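1. My questions are about this predicted structure, shown below with the sequence.
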Amino acid sequence: MASLLPSIATSNKRSNINLSDKYVSLLQKCVSFQQARMLHAQILKSGTHQDLFVMTSLVNIYGKCGAIEAAHKVFDHLSETNVVTWTSLMSAYLHNARPQQAFQVFLQMLENGSYPTNYTLGVALNAASSALYDVNVGKQLHGYLLKYGLEDDTSIGNALCNFYSKSGGCMEYAIKAFWRIPQRNVISWTTIVSACGHNAHFATGLAFFTSMLQEGIHPNEFILTSVFSLCCTMQAIHVGLQLHSLTIKIGFQYNLAVTNSIMYLYLKVGWFAQAKKLFHGLEQVSLVTWNAMIAGHAQMMDLEDNNVLASRNGIEALDMFLRLQRSGLKPDLFTFSSILTVCSNLVALEQGEQVHAQAIKSGFLSDVVVGTALVNMYNKCGSINKASKAFVEMPSRTLISWTSMITAFAQHGFSKDALDLFNDMRLAGDRPNKVTFVGVLSACSHAGMVDEALSYFQMMKNEYKITPVMDHYGCIVDMFVRLGRLEEAFDFVKKMEIEPNEFIWSLLVAGCRSHGNLELGFYAAEQLLCLKPKDPETYTMLLNMYVSAGRWKDASKVRKAMKDENVMKKLKDWSWISVKDKVYSFKADKCDDLLGDLLEKSRHVGYQEEEEGKEAKVHHSERFAVAFGLLKIEKPAVVRVVKSTTMCKECHSFIKSVSLLMEREIMVRDCKRLHRFDDGKCSCGDFASFL
DNA sequence: ATAGGGTTAG
């Protein structure tokens, strides 16, 4: 063992050690590429660039700041190399998600005649266990370690524990490897806690952290961030709060990484004010701070019931993206994927396209997560061609990217493309999951392919052992309802293995209304109101059902109930549209000039207002947003609108007429589906859960 | 002077 793990001879060429040590310690505190470059310049001026320790630290720091080219350049100019310099270069590659190159450096080092130390082998093992690299190499390394009796070393034990948790996520082996470490240090504990987090063993992870505290080991910033990340995935805000006080007690409240992780926890559980307080209290921010804020705002948009607030969050996230860049930081793959999600939620195509261009320039489009986010952005902005182009251009695919594209085709009514792609996915050897099947089933439902849908449903259960969830049942119900096969829809619901929820009942209510089956419709509406009392959309559908049936007495009863219970106040009808770099929002209101003109003209192409519409002179918000879009957005660009509630039948047919009349493609994404209007037709196939 | 962490897509 001694011959394989030699102690490192200190270079005797070091001169002016005091100054060199000063630079080494300055470099270790460095957090950004800019700072590193500044220090580099000073080092050159001071002459300490002759010192191997200083230059090794520089390799490390450049590596940690994501400047792998700079790190390698410094390494190439070193006056001499030893095992520490080689190890530093390896870890630089590892930090920059290039484990394969890290391993190449390891092999080069061996060729060069340097003996690996325990640190070197640890890095090599971590490189091999990275998800991006080969598991077999890790196993070979493990064999090598066993052969030379090296597995009792703490560094190597840590790396082994990491290896087991990542290769196949085998927690049992990881935990065994952890307890086998002879002298566990903070790094060992951090490794096991974060392993628990990555493999969804949350309670175990917290228990490990507590054990560590009981053993009297002092936490550092790394274990704190790991344990906050654990809370984040668990949404365990109360544990998080306790840990936050612990953090303050032990003096880590001004630590940037720790604050970032606490801030992200608050954002994840929706504690916006607390997150912002932490953000504003920061003296300096890092790229991770911005990324966490942007990602937090992006996911907040999904959680937000109030769409006006949701769009405000999105706009704020876009603003942060600008501020990030103005501060001189370079966005990374996390930034790009989050900001693309923001653009999709805002249906901000123009901004999305700009981000796309930036992502190409900075080379992050090769990342599969960014690529998938791009596919989703184009899909949600209604541009199926661009989504498909982005998908085709992706260098690699994952389950999520296949699923995104399949779902995109399905949502746009390209059922055949969706099902073909599903076939390609299976041929490529990727295993579909339950989300993939939601896409597949909705493709069938959209095209009315009953036999196919039922056979895919069986395939999912039998071949892939996936238990159906509400969305799967919803697709089948939706399909029967679209075809007007209401009895079959109700039969299917009766046989469901789970209790139907409001989503299922609202499909049935809408279907019954649209096909004029009042008996079943009232029954479904009753069930729906049990689950969602005083729901404004249900009341509206019920009211419309009575009106269509000419049951005026019942209709006025419902209307009175709606008035008495103030139901309509709960229906917040908002639409918004993004033009250039601004987002405009509209609420339901009285008719203005442009809209009046459109209404007048559309009567000539066959659009007729229902009796209801004439009486209530208030117009739904999407009409204003569409009218505004027609004025502000030049042909042939598509007018894209997002709406907070479900579209009503009348607005749907109105916008169909407008698309014909103005010769414009118009897209409206309501809270249930996507509608792409073109040439007087809509991609939803004219059946939707209309109000 | 080398090991460990936090932020991402359906």
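-> Perfect, I can see it now. Numbers count the residues shown, from 1 in each chain, chains lettered A, B, ... in the order given.
2. May I see the buried residues of the strand or helix carrying A:N126?
-> In this structure, A:N126 sits in helix A:118-129 according to DSSP states H and E. Judged by neighbour count using 16 or more other C-beta atoms under 10 Å, the buried positions of helix A:118-129 are A:118-129. In short, each C-beta sits where N, CA and C put it, glycine included.
3. among those residues, which are within reach of DNA strand B?
-> A:119-120, A:122-123, A:126 (C-beta under 7 Å from any atom of the strand).
4. Next, count neighbours for the closest residue to DNA strand B within the stretch 501-650 of chain A.
-> Across the stretch 501-650 of chain A, the shortest distance to DNA strand B (C-beta to the nearest atom of the strand) belongs to A:V642, at 14.9 Å. For A:V642, the count of nearby residues is 27 (other C-beta atoms under 10 Å).
5. Please apply the same query to A:D686.
-> A:D686 has 15 nearby residues by other C-beta under 10 Å.
6. before we move on, the earlier item: now pLDDT too, for the buried residues of helix A:118-129, in CSV please.
-> Converted to CSV, these look like this (pLDDT from 0 to 100):
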residue, pLDDT
A:N118, 89
A:Y119, 91
A:T120, 92
A:L121, 91
A:G122, 91
A:V123, 93
A:A124, 91
A:L125, 89
A:N126, 89
A:A127, 88
A:A128, 85
A:S129, 81
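7. which one among these gets closest to A:H675?
-> The shortest approach to A:H675 among these belongs to A:S129, at 47.4 Å (C-beta to C-beta).
8. surely the closest one meets A:C161?
-> No. Judged on C-beta atoms under 8 Å, A:S129 makes no contact with A:C161 at a distance of 9.8 Å.
9. my guess is A:S344 meets A:V375, correct?
-> No. Checked against C-beta under 8 Å, the pair A:S344 and A:V375 is beyond contact range at 9.8 Å.
10. for the stretch 501-650 of chain A, what spans make up the strands?
-> Counting by DSSP state E, counting those that start in this stretch, the stretch 501-650 of chain A has strands at residues A:574-579, A:582-587, A:589-590, A:618-619, A:639-643.
11. For those strands, which has the smallest mean pLDDT value?
-> Lowest mean pLDDT within the strands of the stretch 501-650 of chain A: strand A:589-590, at a mean of 68.
12. OK, now which residue of chain A is nearest to DNA strand B?
-> Taking C-beta to the nearest atom of the strand, chain A has A:A257 as its residue nearest DNA strand B, at 1.9 Å.
13. which ones are touching the nearest residue to A:T341 once chain neighbours are set aside?
-> The shortest distance from A:T341 to any non-neighbouring residue, by C-beta to C-beta, 6 or more residues apart in numbering, is to A:A298 (4.5 Å). A:A298 is in contact with A:313-314, A:317, A:338-339, A:341-342, A:345, counting by C-beta atoms under 8 Å, 6 or more residues apart in numbering.
14. what about 7 Å?
-> A:317, A:338, A:341-342, A:345 (C-beta atoms under 7 Å, 6 or more residues apart in numbering).
15. What subset of the residues you listed is buried?
-> A:317, A:338, A:341-342, A:345.
16. Who has more neighbours out of A:S344 and A:V375?
-> Just comparing A:S344 and A:V375: by other C-beta under 10 Å the higher neighbour count belongs to A:V375, 27 against 24.
17. which ones are touching that one?
-> Counting by C-beta under 7 Å, 6+ apart, A:V375 has contacts A:387, A:390-391, A:401, A:404-405, A:408.
18. Apply 8 Å and report the result again.
-> Each residue near A:V375 by C-beta under 8 Å, 6+ apart is listed here: A:387, A:390-391, A:394, A:401, A:404-405, A:408.
19. Now list the buried members of the residues you listed.
-> Buried among those by 16+ other C-beta under 10 Å: A:387, A:390-391, A:394, A:401, A:404-405, A:408.
20. now, which of those residues lie within helices?
-> Using DSSP state H, the subset of the buried ones among the contacts of A:V375 located in helices is A:387, A:390-391, A:401, A:404-405, A:408.
21. Against DNA strand B, which of those residues make the cut? List them.
-> Counting by C-beta under 7 Å from any atom of the strand, A:401, A:404 from these sit close to DNA strand B.
22. pLDDT and distance to A:D153 for the ones in helices among the buried ones among the contacts of A:V375 - can I get that in a markdown table?
-> Formatted as a markdown table, these follow (pLDDT from 0 to 100; distance: C-beta to C-beta, whole Å):
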| residue | pLDDT | distance to A:D153 |
| --- | --- | --- |
| A:A387 | 96 | 50 |
| A:A390 | 97 | 47 |
| A:F391 | 97 | 46 |
| A:S401 | 96 | 40 |
| A:S404 | 97 | 44 |
| A:M405 | 97 | 47 |
| A:A408 | 96 | 50 |
